[in-house]
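Asks: coords please:
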Amino acid sequence: MDMLWNGWGDPAKAAPLPDSVTGLLRDLLGVKPSTTPALSLDDIQVPATTASPVALKALAEAVGGAEHVRTDGESRLRHTRGKSTPDLLRMRAADVTDVPQAVVLPGSHDEVLAVLRACAAHGLAVVPFGGGTSVVGGLAPQRSAFIALDLRRMDALLDLDPVSRTAVLQPGLRAPEAEALLAEQGFTLGHFPQSFEWATIGGFAAARSSGQASAGYGRFDEMVLGLTLATPEGTIETGRAPRSAAGPDLRQLILGSEGAFGVITSVTVRIRPRPEVCVYEGWRFASFAEGAAALRTLAQDGPRPTVLRLSDETETFIGLAQPDSIGGDLSQSTAGCLAIAGYEGTPEDTALRREQAAAVLTACGGTPAGAEPGERWAHGRFSAPYLRDALLDVGAFAETLETAAFWSRVPDLYTAVRTALTDTLTEAGTPPLVMCHVSHVYENGASLYFTVVSAQGEDPVAHWEPAKHAANEAVLAAGGTISHHHGVGTDHRDWYVREAGPLGISALRAVKRRLDPEGLLNPGVLLPDHGLTD
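Replies: This is a model prediction of the structure:
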């Protein structure tokens, strides 16, 4: 099943906004329903491919037949860009300027190598495509002649070692299918980002994904023990042991590379036994600062829950901490901030950690809110992208961005980004609602995840660009990283260049030149599409 072409996920799961939310958007933000008729897939005119018959034949030979090379308009449209709000707004406006010339579906590592050779011979750029869930321009290369390399045929569990607790997964395997295959043998990966229902194993590795249970299971890059990478110059294999002192770790060069250095064709991951129990509960704090201090105490001194999140006052009031139930009776909303703590494992371990964590949270000023908030969060944990679509449908603009910093910098980072978004959009005549939550915690710092909602303005994409620019500037100025888990793409590339510094970027360009001398892999994503031969 393919994802909705102009929105998120499964159309059957989409739901309209409650009247209470629509009224709030109208009264608070001046949101007006769009008067532009919605387009259907049949309304979109996709230009014919410009790839030559010779190139298409070479691609077909590389993947074992013409049935694995698609040039029809719908297939190419469904592989155009990702799922950021600007991506969706451009699609809804019938903007198909970034459409690939073909969609190619390899079935093995060797076929990926053959595709890369064929593309090099015919001057076609290559964009690896997993679930298509990028929200930072990771699927919008700065070339018009490119193919989407859809890895869905490479969707197997290749090996599971129960003694070492490792599994080898192919890149096109979607997260739910990966979990189901592991569950059959009593294991879990424990990686549940908001994109879980559609994202793939290869995408998790390529973007350094972080799941909602990262406090307990770790980030995806911490789970990866080995990788296989196909490049125009050959194959790189990493990961002979759980740890090694044999030089720099090449895994870290591949993780987060976003298809710029090669195509990930297999991932060896650490797995864990499936938890016997999963318990989620809510806690309330008087302020975001007080709640953040409590989360820091647990992150640094323990016991650390499996899931640990904190919504600020605005997000708590609106109800975004529980997206599937947003729009309830706002008059019943409780002041302060809602935290969610989750515990997974054996009954004995879970009970002990809950008891110990409760003592810490209480000592830090927290008040238990019972199981209901946690259970509602767990039930709706993947609903927020559908909510974004519903907001767009009624004429609102809704987008997210995230960052991370050391604990001492988190308060200033929080204020700086909120101020940048609020000031920029207010000056543009569309005052926003800016919400935030702590999405991931570490001993030394935390991630902040912002959601901004406003009226769309006359040109919503152009309207958002100054606000996004101001937020990115605020992130760097306040000492944050330009991305904690969404990745770099084209949206963050110029700020990533500044974060990494001139010498660091020069080193990465040298790697790019060696592995991809023609500059065909995801050009303009991660690294600027110029200067590669400097």
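
Asks: So residue 495: helix, strand or coil?
Replies: helix (DSSP: H, G, I helix; E, B strand; the rest coil).

Asks: Repeat that for residue 80.
Replies: Following three-state DSSP, we place residue 80 in the coil state.

Asks: ok, which stretches of the stretch 301-450 of the chain are helices?
Replies: 313-318, 347-363, 371-379, 384-393, 410-427 (DSSP state H, counting those that start in this stretch).

Asks: Quick one: the ones you listed as CSV, columns for mean pLDDT, mean neighbour count and distance to residue 455 too.
Replies: All C-beta atoms are positioned from the backbone trio N, CA, C, and that covers glycine. Shown next, in CSV, are the helices of the stretch 301-450 of the chain (pLDDT from 0 to 100; neighbours: other C-beta atoms under 10 Å; distance: least, C-beta to C-beta, whole Å):
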stretch, mean pLDDT, mean neighbour count, distance to residue 455
helix 313-318, 94, 20, 16
helix 347-363, 97, 15, 38
helix 371-379, 95, 19, 28
helix 384-393, 92, 21, 11
helix 410-427, 98, 19, 9
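
Asks: wait, which of those helices is closest to residue 525?
Replies: Relative to residue 525, the nearest member of the helices of the stretch 301-450 of the chain by C-beta to C-beta is helix 384-393, separated by 21.4 Å.

Asks: Just the CA trace of that closest one, in PDB.
Replies: The C-alpha coordinates for helix 384-393 follow below in PDB (Å, rounded to 0.1, in the frame of the first residue of the first chain):
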ATOM      1  CA  ALA A 384       0.100  13.800  14.900                       C
ATOM      2  CA  PRO A 385       0.900  13.700  11.200                       C
ATOM      3  CA  TYR A 386      -2.800  13.000  10.400                       C
ATOM      4  CA  LEU A 387      -3.700  16.000  12.600                       C
ATOM      5  CA  ARG A 388      -1.300  18.100  10.500                       C
ATOM      6  CA  ASP A 389      -3.300  17.100   7.400                       C
ATOM      7  CA  ALA A 390      -6.600  18.000   9.000                       C
ATOM      8  CA  LEU A 391      -5.200  21.400   9.900                       C
ATOM      9  CA  LEU A 392      -4.100  22.100   6.300                       C
ATOM     10  CA  ASP A 393      -7.600  21.000   5.200                       C
END
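
Asks: Now do it: which elements does it pack against?
Replies: helix 85-92, strand 396-406 (3 or more C-beta pairs under 8 Å, 6 or more residues apart in numbering; DSSP states H and E).

Asks: What strands line up against the following helix or strand past the first one, and which way round?
Replies: Beyond helix 85-92 in the direction of the C-terminus, DSSP states H and E gives the next helix or strand as strand 102-104. Strands adjacent to strand 102-104 in the sheet, as given by DSSP bridges, are strand 69-70 (antiparallel), strand 146-150 (parallel).

Asks: which residues are in contact with strand 102-104?
Replies: 49, 51, 56, 59, 62-63, 68-71, 75-76, 79, 115, 129, 147-150 (C-beta atoms under 8 Å, 6 or more residues apart in numbering).

Asks: start to end distance for stretch 128-139?
Replies: 8 Å (C-alpha to C-alpha, to the nearest Å).

Asks: Just put the helices and strands packed on helix 384-393 in TSV and tack on mean neighbour count, mean pLDDT and distance to residue 44.
Replies: Listed next are the helices and strands packed on helix 384-393 as TSV, based on neighbours: other C-beta atoms under 10 Å; pLDDT from 0 to 100; distance: least, C-beta to C-beta, whole Å:
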stretch	mean neighbour count	mean pLDDT	distance to residue 44
helix 85-92	22	95	8
strand 396-406	23	97	22
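
Asks: what's the closest of these to residue 205?
Replies: So among these, strand 396-406 is nearest, using C-beta to C-beta, at 18.5 Å.
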